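Enquirer: Please work out how this folds:
(one chain, ligands or ions: 2)
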Amino acid sequence: MENLKEAIAQLKREKNAVVLGHYYQRDEIQEIADFVGDSLALAQWAARTEADIIVMCGVHFMGETAKILCPDKKVLVPDSLAGCSLADSCPADRFSQFIKEHPGHTVISYVNTTAAVKALTDVVVTSTNARQIVESFPKDEKIIFGPDRNLGNYINTVTGRRMLVWDGACSVHEQFSVEKLAEIKRAHPGAVVLAHPECKGEVLKLADVVGSTAALLKQAVAHPEKTYIVATEAGILYEMRKRCPSTTFIPAPPLDGSPCNLCKDMRLNTLEKLYACLRDESPEIQVDPAIAARAVLPIRRMLEISERLGL
Ligand code: 13P
Ligand code: SF4
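Expert: Ligands and ions are numbered 1, 2, ... in the order given. This next block holds a predicted model:
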């Protein structure tokens, strides 16, 4: 393992490559990544890096977003099969039809979408900035929000908006068990429940704090004296425990009886595959230039609004 880490470090130096990792990556990948963050931070980092090669340790749409922002760079993902059930729940042809059936709407899409869906979008959002970006539009703006019904319905609830929400979901976050979460809450009175907005509404109702992985981490770092029950992919616990070594973090369990909830796609990336992809400069992310030319606009718009909002 140490040899592998040293070999990756050497290849990075030789090839002027940067390794970016999402908080849901395996611990050992988070440990050696040059930067670890949530979806927004990864896009922001990709947009400003001067590296020649970006290795995106995340899922395919994250690699696509980096490639769209940096068309002249080589963008690699360690495992080309690392997809996203949420992105898959919104095929571009059906989303396009939905938009046609509801003319006069501004289209806001979560970053967990294919490049083709982004190309149909007016502004992209992530879970860190979705609420603020929706609220930056006039109260009576007609909005289509896709693809995550849980995030969309949550924003409708907290803002009083009536966005038309696409019926998609993340199969990982939908797996949290409301009953088991309520049970853990009873067993740990006073524990703070942190939940990602991709969770079902019943889970979010039990949460004290709802936010992106970065927002949930920020909450824990601000109050390390509390105990936390964490309802999001359990990879985030690596950074939480690193930043708050004395804090108790309890992963909320999924319905299938596993001790914690893991995204199988995120976990396809391994150190071995990271090494091989840097060595072979493959698998490389490619985006159709015509699609990229349209998709870059709502992504840039998101980055501009986020910068203005200080996110
Ligand atoms: P964030 O990185 O915005 O918290 O989103 C979580 C997620 O599901 C990424 O796939
Ligand atoms: Fe997609 Fe869900 Fe995995 Fe995130 S956790 S990459 S939304 S399947």
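Enquirer: How about Asp288: what's its closest non-neighbour residue?
Expert: Nearest residue to Asp288 in three dimensions, chain neighbours excluded: Ala115, at 7.4 Å (Cβ to Cβ, 6 or more residues apart in numbering). Using the backbone N, CA and C atoms, a C-beta is placed for each residue, glycine as well.
Enquirer: Pull the number of nearby residues for that neighbour.
Expert: 24 (other Cβ atoms under 10 Å).
Enquirer: Nearest residue to Ala214 in space, please, no chain neighbours.
Expert: Asp38 (4.0 Å).
Enquirer: most centrally placed residue in this structure?
Expert: Ser39 (4.1 Å; Cα atoms, centre = their mean).
Enquirer: Hmm, it is touching Met62, no?
Expert: Yes. Using Cβ atoms under 8 Å as the test, Ser39 is close enough to Met62 to be in contact (6.7 Å).
Enquirer: Now do the contacts for Met266.
Expert: Residues in contact with Met266 (Cβ atoms under 8 Å, 6 or more residues apart in numbering) are His22, Tyr24, Gln25, Gly58, Val59, Ala82, Glu233, Gly235.
Enquirer: ok so, going back, find the residues that touch each one of Ser39 and Met62.
Expert: Joint contacts of Ser39 and Met62 (Cβ under 8 Å, 6+ apart) are His22, Val111.
Enquirer: ok, the residue nearest to Asp288 - contacts?
Expert: Neighbour list for Ala115: Phe61, Glu64, Ile68, Val287, Asp288, Ile291, Ala292, Ala295 [criterion: Cβ under 8 Å, 6+ apart].
Enquirer: could those residues go into CSV alongside distance to ligand 1 and pLDDT?
Expert: Formatted as CSV, these follow (distance: Cβ to the nearest ligand atom, whole Å; pLDDT from 0 to 100):
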residue, distance to ligand 1, pLDDT
Phe61, 8, 98
Glu64, 13, 98
Ile68, 17, 98
Val287, 18, 98
Asp288, 22, 98
Ile291, 21, 98
Ala292, 21, 98
Ala295, 17, 98
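Enquirer: Out of those residues, which end up buried?
Expert: Phe61, Glu64, Ile68, Val287, Ile291, Ala292, Ala295 (16 or more other Cβ atoms under 10 Å).
Enquirer: All the strands of the stretch 101-250 of the chain, residue numbers only.
Expert: Using DSSP state E, counting those that start in this stretch, the strands of the stretch 101-250 of the chain run over residues 106-110, 123-125, 143-146, 164-165, 192-195, 209-210, 228-231, 249-251.
Enquirer: Can you say which of those strands is nearest to ligand 2?
Expert: Closest to ligand 2 of these is strand 106-110 (Cβ to the nearest ligand atom; 8.7 Å).
Enquirer: Pull that closest one out as PDB, backbone CA atoms only.
Expert: Taking Å, rounded to 0.1, in the frame of the first residue of the first chain, the C-alpha atoms of strand 106-110 are listed here in PDB:
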ATOM      1  CA  THR A 106     -36.300  28.300 -15.800                       C
ATOM      2  CA  VAL A 107     -34.500  25.000 -15.700                       C
ATOM      3  CA  ILE A 108     -32.400  24.400 -12.600                       C
ATOM      4  CA  SER A 109     -30.500  21.100 -12.500                       C
ATOM      5  CA  TYR A 110     -28.500  19.500  -9.800                       C
END
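Enquirer: tell me the mean pLDDT for that strand?
Expert: Throughout strand 106-110, pLDDT has a mean value of 98.
Enquirer: From the chain's centre, how far out is it? Work that out for me.
Expert: 16 Å (Cα atoms, centre = their mean, to the nearest Å).
Enquirer: Identify all contacting residues around that strand.
Expert: Contacts for strand 106-110 (Cβ under 8 Å, 6+ apart): 86, 99, 117-118, 120-127, 130, 133-134, 137, 141-148, 151, 163, 298.
Enquirer: Buried only: go through these for me.
Expert: 86, 99, 117-118, 120-121, 123-127, 130, 133-134, 137, 143-148, 151, 163, 298.
Enquirer: what about stretch 33-52 and ligand 1, touching?
Expert: Yes. Using Cβ under 6 Å from any ligand atom, stretch 33-52 reaches ligand 1 at Asp38, Ser39.
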